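> here are the coordinates; sequence isn't available:
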């Protein structure tokens, strides 16, 4: 698609597929659920024409990026660590970060854990929400939005309390 290049990058024990175009400061796009890098194709084209190096990965478990079998592999810490390794592989110190939907949630945690790596953050669709540390994230979402809320529908119920700050798992049928 109009000069967008694709490659795999070894990050944090997995191979991550990225789509990229352009040169200059890095804009790192984080897709939502159940999306892929492709969600950002128009933004990649527009911003790369304006002097930015646009990078849109398929996040862990999505598209052409490896999908480890263990549910524990999908905690927020691992996903943030994937992004840290990706940024290091791009040989830059800071990025402009753009997140949409659950990618926005990951973006908020990335900013909290690694503010030194972020020039600016653009969050689409999901504001930063403080959570009660006594209530598992998905339990709070279920109480606010009900069982049919998209994040609530894709849970493995017996592991909800394992992840201290972010409990989002991807449903992977056998």
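Alright, I've got the coordinates. This structure is a prediction, so every number in the text was calculated from the model and none was measured. Numbers count the residues shown, from 1 in each chain.
> I figured residue 74 hits residue 61, correct?
Yes - at 6.1 Å, residue 74 counts as touching residue 61 under the criterion of CB atoms under 8 Å. Where C-beta positions appear, they are placed from N, C-alpha and C, glycine not excepted.
> which one's more surrounded, these two?
Shown here are residue 74 and residue 61; by other CB atoms under 10 Å, residue 74 has more neighbours (21 against 17).
> so what touches the top helix by length along the chain?
When the chain is parsed with DSSP state H, its longest helix is helix 76-89. If you take CB atoms under 8 Å, 6 or more residues apart in numbering as the criterion, helix 76-89 is touched by 9-12, 14, 16, 18, 26, 28, 30, 55, 57, 59-60, 95, 105-106, 109-110, 113-114, 117, 163, 165-166, 168.
> which of these fall in helices?
In this view, the contacts of helix 76-89 that belong to helices under DSSP H are 105-106, 109-110, 113.
> count of neighbours near residue 127?
For residue 127, the count of nearby residues is 7 (other CB under 10 Å).
> what about it, distance to residue 45?
27 Å (CB to CB, to the nearest Å).
> now residue 122
According to CB to CB, residue 122 stands 17 Å off from residue 45.
> show me which of the two is the more surrounded one.
Comparing residue 122 with residue 45 by neighbour count (other CB under 10 Å), the higher total belongs to residue 45, at 16 against 13.
> and the pLDDT at that one?
For residue 45, the pLDDT comes out at 98.
> one more: residue 129?
pLDDT recorded at residue 129 is 76.
> nothing else from me, thank you.
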